[in-house]
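> Task: produce atomic coordinates for the following.
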Amino acid sequence: MYNPDPEKEKREILNRYRNLLRVWATREKPVNKKLVRKAFNLAVDAHKDMRRKSGEPYIYHPLDVAKIAAGEIGLGTTSVICALLHDVVEDSEYTLKDIRSLFGDTVTRIIDGLTKIEEIFEHPASSAQAENFKKMLLTMSVDVRVILIKLADRLHNMRTLDAMPENKQLKIASETLYLFAPLAHRLGLHAIKCELEDLSLKFLEPEVFNTISRKLEESRPERKRFINKFIYPIKKDLAGKGMDFRILDREKSVFSIWEKMQSKEIPFEDIFDLFAIRIIIDVPVEKEKEQCWRVYSVITDYYRPNQKRLRDWISLPKANGYEALHTTVMSRIGKWVEVQIRTKRMDEIAEKGYAAHWKYKDGIDHETGLDEWLNKIREMLHGEDSDALDFLDDFKLNLFSDEIFVYTPKGDLKIMPVDTTVLDFAYNIHSQVPR
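Below is the predicted model of the structure:
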């Protein structure tokens with residue numbers, strides 16, 4: 001039971017604000033602290049009489065959303081301001097006109113998009129809900145920060161979902177699994193996608209979530225000993241070659257384990273790839289490909305690779321911008337182990353997605369998969385033929401797709417969903433092909 005203490009809450013609000021500033025400063029040099037402070041003061045005033053379901057002051061929520069936007073997604077000053085203000089217009093007397101006079105057109109446009117999103121999932125009629133969703137994506141396609149901040153908002157809501165009644169928990173968790181986790185995946189936010197999936201499973205299938213979590217915890221010490229032995233010769237060799245590297249082990253998410261148990265119809269104990277080894281090297285962009293293959297050569301000097309499991313996403317990055325080499329090798333005790341090889345730049349894009357993609361975009365003279373996907377969404381949004389429900393089906397197809405690579409007669413590469421038909425391919429080349 002939460003017991004309000006006004007003085008303690010004031011100190012906590014300031015502590016959370018200072019923590020936000022510290023996180024923001026690690027991502028970019030703060031150049032407009034006064035404007036961020038102004039947004040903080042306005043948010044505190046707008047939410048001063050509001051509390052969350054947990055009983056805590058409501059202002060904790062926008063502060064934590066801003067911290068996620070800055071720290072876990074890597075967004076900048078404008079997004080921090082918008083995250084602090086994202087509920088102000090909906091929940092207080094402040095208007096978009098007030099926001100515009102204080103913070104300008106860009107912040108106002110993003111706040112307007114975020115305010116409209118809130119209306120979408122409350123509408124009972126599926127066709128109207130789909131139409132609202134289409135409008136939301138229209139805003140997103142103009143400024144993708146709308147959906148990135150909304151993902152930060154949804155992540156914080158999922159982290160604090162315990163305070164909600166059970167019917168709300170199930171509704172919000174279902175929405176998250178259906179739409180927000182795939183959106184995070186498509187925008188390259190792997191860590192956020194996995195956390196949203198795990199948190200959704202926690203509320204939708206609590207027994208499954210708790211059982212798998214417990215088994216992961218129980219098997220962790222043994223797994224750690226195995227990993228240390230496995231990486232020892234690789235670390236020694238890479239260090240001897242003077243390479244600047246880090247080696248991490250990444251545990252498979254609870255949700256992905258559950259998915260595999262269902263699809264393969266096997267128990268937890270029969271899943272061999274509960275973790276992956278990740279090797280991250282720090283090299284100049286022009287040497288990335290060469291050095292990643294050099295690391296691959298070192299690994300295969302010690303362990304036999306499964307050639308069917310080699311994945312080169314450096315030569316052909318995924319549509320969400322993901323780049324890496326993946327290989328699966330046989331350890332000395334007869335266990336297959338997945339090894340992921342990335343550079344520091346690739347790792348940041350893999351973890352921070354679209355925000356990092358834009359950070360590294362200078363000097364890129366061609367469209368990436370993320371650009372092409374957003375262009376495709378814009379084209380779908382402005383199409384005259386499809387109604388909102390058809391659009392939502394098409395959009396879901398574009399979100400979830402396992403991908404294949406197809407070349408046009410002119411040699412252009414197209415990345416398509418795995419179940420693509422010839423007609424889909426034709427329309428991807430040009431939406432006005434004759435029927």
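> Only C-alpha atoms from now on, for both contacts and neighbour counts.
Noted.
> For the residue nearest to residue 246 when sequence neighbours are not counted, give me its contacts.
Distances taken as C-alpha to C-alpha, 6 or more residues apart in numbering place residue 280 nearest to residue 246, at 5.2 Å, with adjacent residues excluded. Counting by C-alpha atoms under 8 Å, 6 or more residues apart in numbering, residue 280 touches 245-247, 341-344, 347.
> Among the residues you listed, name the buried ones.
245, 341-344, 347 (16 or more other C-alpha atoms under 10 Å).
> Kindly export whichever strand or helix holds residue 278 (C-alpha atoms) in PDB.
Counting by DSSP states H and E, the element that carries residue 278 is strand 275-281. Extracted C-alpha coordinates of strand 275-281, given in PDB (Å, rounded to 0.1, in the frame of the first residue of the first chain):
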ATOM      1  CA  PHE A 275      22.100 -18.100 -25.200                       C
ATOM      2  CA  ALA A 276      24.300 -16.500 -27.800                       C
ATOM      3  CA  ILE A 277      27.900 -15.300 -27.600                       C
ATOM      4  CA  ARG A 278      28.300 -11.800 -28.900                       C
ATOM      5  CA  ILE A 279      31.700 -10.400 -30.000                       C
ATOM      6  CA  ILE A 280      31.800  -6.600 -30.500                       C
ATOM      7  CA  ILE A 281      34.900  -5.100 -32.200                       C
END
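> all helices for the stretch 1-150 of the chain, in order.
6-27, 33-46, 60-71, 77-85, 88-91, 96-103, 105-120, 126-142, 145-159 (DSSP state H, counting those that start in this stretch).
> Would you single out the least confident of those helices?
Of all the helices of the stretch 1-150 of the chain, mean pLDDT reaches its minimum on helix 126-142 (a mean of 57).
> how about the strands of this structure, start to end?
245-251, 275-281, 304-305, 311-312, 325-330, 336-343, 403-407, 413-417 (DSSP state E).
> in its sheet, what does the strand holding residue 278 sit against?
Strand 275-281 has the following strand partners under DSSP bridges: strand 245-251 (antiparallel), strand 336-343 (parallel).
> which residue ends up closest to the midpoint of the chain in space?
By C-alpha atoms, centre = their mean, the mean C-alpha position of the chain lies nearest to residue 189, the distance being 2.1 Å.
> gap between it and residue 230?
28 Å (C-alpha to C-alpha, to the nearest Å).
> likewise residue 339?
For residue 339, the distance to residue 230 - C-alpha to C-alpha - is 11 Å.
> again, but for residue 215
Residue 215 sits 22 Å away from residue 230, going by C-alpha to C-alpha.
> Those two: which has the busier surroundings?
residue 230 (18 against 12; other C-alpha atoms under 10 Å).
> if I read this right, that one contacts residue 329, doesn't it?
No - using C-alpha atoms under 8 Å, residue 230 makes no contact with residue 329, being 10.6 Å away.
> okay, the nearest residue to residue 173 once chain neighbours are set aside: pLDDT?
The shortest distance from residue 173 to any non-neighbouring residue, by C-alpha to C-alpha, 6+ apart, is to residue 200 (4.6 Å). Reported pLDDT at residue 200 in the predicted model: 97.
> related to what we said a few turns ago, can you list the strands paired with strand 275-281 in JSON lines and add distance to residue 173 and mean pLDDT?
Converted to JSON lines, the strands paired with strand 275-281 look like this (distance: least, C-alpha to C-alpha, whole Å; pLDDT from 0 to 100):
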{"stretch": "strand 245-251", "distance to residue 173": "23", "mean pLDDT": "93"}
{"stretch": "strand 336-343", "distance to residue 173": "30", "mean pLDDT": "95"}
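> Next, format these as JSON lines and append distance to residue 15.
Formatted as JSON lines, these follow (distance: least, C-alpha to C-alpha, whole Å):
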{"stretch": "strand 245-251", "distance to residue 15": "31"}
{"stretch": "strand 336-343", "distance to residue 15": "35"}
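> Same list, the helices of the stretch 1-150 of the chain, but as a markdown table with distance to residue 239 and mean neighbour count please.
Output for these, formatted as a markdown table (distance: least, C-alpha to C-alpha, whole Å; neighbours: other C-alpha atoms under 10 Å):
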| stretch | distance to residue 239 | mean neighbour count |
| --- | --- | --- |
| helix 6-27 | 28 | 15 |
| helix 33-46 | 42 | 17 |
| helix 60-71 | 31 | 25 |
| helix 77-85 | 39 | 25 |
| helix 88-91 | 52 | 18 |
| helix 96-103 | 50 | 15 |
| helix 105-120 | 47 | 20 |
| helix 126-142 | 45 | 19 |
| helix 145-159 | 38 | 22 |
